[in-house]
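> Next come a sequence and a model predicted from it.
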Amino acid sequence: MRLFTLILAIFFVLVGNTPATALVTDLSNKRIEIRYSFDGAQLILFGAVGSSAVDPVNDAYDIVVVVRGPESATIVRRKDNVGGIWINDANLNFPAAPGYYAVAASRPLSEIAHATVYANYGIGFANLPLIARTDRGLMEPDPDFKKALYRLRAKENLYRQELDSVTLVAEGLFRTDVYLPANVPVGEFLVETFVFQEGSLKARNRIRLNVDKEGFERAAYDFAHGFPFLYGLTAVLVALGAGWLAGVLGKK
Amino acid sequence: MPLYLPIAEISMDIFLVIGMGAIVGFLSGMFGVGGGFLMTPLLIFVGVPPAAAVATQSNVITAASVSGALAHFRRQGIDIKMGIVLIIGGAIGAYFGAGVFAYLRQLGQVDLMISLAYVVFLGSVGGLMFWESVRAILRQRRGYVPPKISREDRHKAWIHALPFKMRFRKSKLYISALLPLLIGMLVGVLAAIMGVGGGFVMVPAMIYLLGMPTNVVIGTSLFQIIFVTALTTIFHSVNTQTVDIFLAVLLLFGAVGGAQLGARVGFKLKGEYLRALLAMLVLVVCANMGFGLALEPDELYSVAPAVSTKAGQ
């Protein structure tokens, strides 16, 4: 059904006379539900470039897709040797670091456009507006900490850059895979698609993607956070019941 | 088969979790210990956030202790009065321990505290236990029988000088209630910050400090652990929301089976050898934690969500 809508949209873009949208995209799934068996998710982003902005038949174009997850306050800590043992010492607080950030492109980013172009549109990890909160107010973060944030999140597959590629299928159609690991944060995601031609931006659009705990997982999380005392009591009762059961069974 | 744990917020293989429960259950059944000191580091090692590992482990120990305590209760092996005094101390200790835990979590020093507590307590208890068991094994080979210490000499003079004396009939003791209260408090703190039951501190303290007869020591210790870990679970739930019931139930599932098997193996081994083995195990865990503190880590940086300054938000 979605695919049908997409084809219909592509048709209007390609055939229609109004050059309102030069770019149409859709995701194979706009709502990711985290349930007990959740082990990450793989989505497909489809898109079509209309002839109003570029002519896909005659001119080569490039696609860059940026997926950005919900922002949350994040602390990066560094261990230092204090009195012979390694302990968390210096730290830097990022009040709004994206919990997920992935860039996919049809060619290596450096071949598509100049670095300043990416800076203008905030494409790429280097161009994320990451500000650190310190005792002296908000300021530009220490580059070591920023690099560490990228490195650690990249290791968990939460930050991805120069890893995923956009495939240009044919006639202005393109697709890319969006990979969400099991530890993906919940919240609203933004999927932005950029069309570049000869190093400059021709079109862009954004669609939303929701990741949320569902059903039992959501209920358990809400219970633990909304009624922590009752949750703790339940945990104890479950443990007492299980222990009693084990004791009775073990006797036989 | 992956299973998403909604509180710990990670996806874990269900058989890995049950397997870990079974291995730790086997060892705890064999040695007659709770096994918290093994399980908590193991959980952290496989990627469970330290706060969730400690808090969840309290919940597992509650269940494990219930079945153990039931068996001792049937054999009249619990000094309830002594247990209650220990529980009161334990409740106070657990309350403070959980408070310290939540505060250090905010500072980002929970891992350090867990490691330090493990190194200090496991190191000293493991070392003492190892020395004691090796000496017992050597003496036994030489045929040496230690002279019996009379009941009156078991307590040092300062213990009898303490106020608030109480009679504990089952333990055949007339001592100050302050002493078990303090021991209970220490165990409560350990339960809250290390995710252990604290039996490895309480059992020697009951034998050597209080002079309790060995037939009521284990039962009374388990009896106290049920209540203290239950309280710890509630304190952690309220303070940090890190108790994962699902993880706890899975671990238990494995532990119950493992413990039955372990107990059977344990009966076949001699007490001194069992204690020496247990001591070595304790020292290995301790050394592992110690190396983690002393060696320069490959990755100096770590990322964590910024915890709000208000506890129980």
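Received, thanks. Residues are numbered from 1 along each chain as shown, chains lettered A, B, ... in the order given.

> can you pull out the helices in the stretch 201-313 of chain B?
B:214-240, B:245-268, B:271-294 (DSSP state H, counting those that start in this stretch).

> ok, and which of those helices has the densest surroundings?
Greatest average neighbour count among the helices of the stretch 201-313 of chain B goes to helix B:214-240 (a mean of 26), per mean count of other Cβ atoms under 10 Å in any protein chain shown. For the C-beta atoms, the positions are set from N, CA and C on the backbone; glycine is no exception.

> Determine the angle, from 0 to 180 degrees, between the lengthiest helix in chain A and helix B:214-240.
Identified as the longest helix of chain A according to DSSP state H is helix A:228-251. Here helix A:228-251 runs at an angle of 150 degrees relative to helix B:214-240 (axes from the mean of the first three to the mean of the last three Cα atoms, to 10 degrees).

> Helix A:228-251 close to chain B?
Yes - Helix A:228-251 reaches chain B (Cβ under 8 Å from any Cβ of the partner chain) through A:228-229, A:231-236, A:238-240, A:242-244, A:246-251.

> Any regions of the stretch 101-250 of chain B where pLDDT drops low?
Scanning the stretch 101-250 of chain B for pLDDT under 70 picks out B:146-158.

> residue in it nearest to chain A?
Per Cβ to the nearest Cβ, B:Ser237 is where the stretch 101-250 of chain B lies closest to chain A, at 3.0 Å.

> got the end-to-end distance for stretch B:27-38?
Taking Cα to Cα, to the nearest Å, the first and last residues of stretch B:27-38 lie 9 Å apart.

> What are the contacting residues of it?
B:24-25, B:57, B:60-61, B:64-65, B:118, B:122, B:194-197, B:199-200, B:218, B:225, B:255, B:258-266, B:269, B:274, B:277-278, B:281-282, B:285 (Cβ atoms under 8 Å, 6 or more residues apart in numbering or on different chains).

> is it true that A:Leu92 lies in a strand?
Yes - secondary structure assignment places A:Leu92 in a strand (DSSP: H, G, I helix; E, B strand; the rest coil).

> residues touching it, list them.
Counting by Cβ under 8 Å, 6+ apart, A:Leu92 touches A:75-76, A:132, A:134, A:141-142, A:145.

> Check what pLDDT it gets.
A:Leu92 is assigned a pLDDT of 87 by the prediction.

> And B:Phe45, how far from B:Val285?
In this view, B:Phe45 and B:Val285 are 11 Å apart by Cβ to Cβ, to the nearest Å.

> near chain B, which residues of the stretch 1-150 of chain A?
Contacts of the stretch 1-150 of chain A with chain B, taken as Cβ under 8 Å from any Cβ, map to A:34-40, A:72-81, A:84-88, A:91, A:93, A:95, A:145, A:148-149.

> ok, and for the longest helix of chain A, which residues are buried?
The neighbour-count check on helix A:228-251 (16 or more other Cβ atoms under 10 Å in any protein chain shown) flags A:228, A:231-232, A:234-236, A:238-240, A:242-243, A:246-247, A:250 as buried.

> Just the residues contacting that helix, thanks.
So helix A:228-251 is contacted by A:223-224, B:59-60, B:62-68, B:70-71, B:226, B:230, B:233-238, B:241, B:243, B:245, B:248-249, B:252, B:256, B:259-260, B:312 (Cβ under 8 Å, 6+ apart).
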